[in-house]
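> Return a 3D structure for these sequence lines:
(one chain, ligands or ions: 1)
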Amino acid sequence: MFGRDIGIDLGTANVLIHVRGKGIVLNEPSVVAIDTGTNRVLAVGDEAFRMVGRTPGNIVAIRPLRDGVIADFDTTEAMLKHFLAKIKVRGMFSKPRILICCPTNITSVEQKAIREAAEKSGGKNIYLEEEPKVAAVGAGMDIYQPSGNMVVDIGGGTTDIAVLSMGDIVTASSIKVAGDRFDSDILNYIKKKYKLLIGERTAEDIKKSVGTVFPGARNEEMDIRGRDMVSGLPRTITVHSEEVREALEESIYHVVQASKNVLEKTPPELSADIIDRGIILTGGGAYLHGIEELLSDELKVPVLAAEEPMNCVANGTGIMLENLDRVARIKARY
Ligand SMILES: Nc1ncnc2c1ncn2[C@@H]1O[C@H](COP(=O)(O)OP(=O)(O)OP(=O)(O)O)[C@@H](O)[C@H]1O
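Numbering: from 1, shown residues only. As a prediction, the model looks like this:
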């Protein structure tokens, strides 16, 4: 049977929907293809993603949540409605509760609009939650105890770093350096070094297939194709892991610095807990080759990637919605 509760990870790179009792039922890129002539939405999610960088003049493939803010609200709303319609919220669920995790820095006006979009799609009680908190819960941390837990969530648009205790964020930082920036670093590096233009998707491919952030940790290479900036013709070059590390060095430094700043602002008792438990990495960036080694080397604290890091937020919404019930039952008893 379908549950009554729906959790949504409204990410800058991917949208995941979790349904209580069923797990993750939808996982698609946050991309919308629009006909610029008529302003009509042509495709959403997987289908729109296949069009990125390959659209004719009158069609644009938009990532409405780029950079961890809602860059294009109407498109975000259309995308949210499309996904909720796809899982048939209206027919199957009787007035579900919806917990939405959105980018950390959105304004109260944007929060209100997201709430309204979810209501219009059939939701009854709509809750919004901060991403690092839900990511920590989804990674299996018990954030409700009076002890320190630290999570570094490296997504597409933002890296969110937070120390949590007793169910709340104690210190946190959010920087706009994450997966998208790593891709553009690689793209720019290749442009400068080889005078070769490559697309965003090729850059992402390089990052995943041969990239590393820890010196000497990976020694692989890959052939890539692009357009020669001088001749204008297609050309193939070979990229090595060490070149990717070099390309990512500056951005990774920002992630390290932001993590250090959060640790420096953390009360000492909680720091001691973090040394015992280690820092947990969530989000797609947790898959970056060498990131655990690099962060633990720099921060002098054990660092571990969560299991299924890209699903932590969606799974966390499920756990938090169950907790809402538990809190309600306890309140009813007293
Ligand atoms: N194997 C991998 N190695 C490196 N990066 C990866 C890998 N797999 C996915 N990623 C990156 O993870 C990012 C997407 O992560 P995720 O789905 O957690 O982001 P999001 O939740 O949508 O973003 P945000 O948290 O900013 O809203 C993309 O930039 C993608 O390139």
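
> quick check: domain ranges of this protein?
5-131+312-333, 141-305 (automatic domain parsing).

> The lengthiest helix in the chain and the ligand, any residue contact?
When the chain is parsed with DSSP state H, its longest helix is helix 241-264. No: counting by Cβ under 6 Å from any ligand atom, the ligand has no neighbours in helix 241-264; the shortest distance is 10.0 Å. All C-beta atoms are positioned from the backbone trio N, CA, C, and that covers glycine.

> now the helix or strand following that helix against helix 241-264, angle please.
Where DSSP states H and E defines the elements, the next helix or strand beyond helix 241-264 is helix 268-277. On the basis of axes from the mean of the first three to the mean of the last three Cα atoms, to 10 degrees, helix 268-277 is oriented at 140 degrees to helix 241-264.

> The residue nearest to Ala113 when sequence neighbours are not counted: how many residues sit nearby?
With sequence-adjacent residues excluded and distances taken as Cβ to Cβ, 6 or more residues apart in numbering, Ala113 is closest to Phe73, at 6.0 Å. Per other Cβ atoms under 10 Å, the neighbour tally for Phe73 reads 16.

> who's in contact with Phe73?
Neighbour list for Phe73: Pro64, Glu110, Ala113 [criterion: Cβ atoms under 8 Å, 6 or more residues apart in numbering].

> separation between it and Val32?
Distance, Phe73 to Val32, using Cβ to Cβ, to the nearest Å: 12 Å.

> and what of Glu264?
Distance from Glu264 to Val32, by Cβ to Cβ: 40 Å.

> Any residues of the stretch 201-334 of the chain in contact with the ligand? List them.
Residues of the stretch 201-334 of the chain lying near the ligand (Cβ under 6 Å from any ligand atom): Glu204, Lys207, Lys208, Gly283, Gly284, Gly285, Tyr287, Leu288, Met310.

> The third one contacts Gly284, correct?
Think Lys208. No: using Cβ atoms under 8 Å, Lys208 makes no contact with Gly284, being 9.1 Å away.

> can you pull the pLDDT of the residue lying closest to Gly284 once chain neighbours are set aside?
Sequence neighbours aside, Met310 is the residue nearest to Gly284 in space, at 5.0 Å (criterion: Cβ to Cβ, 6+ apart). Turning to Met310, the model gives it a pLDDT of 98.

> All set now, cheers.
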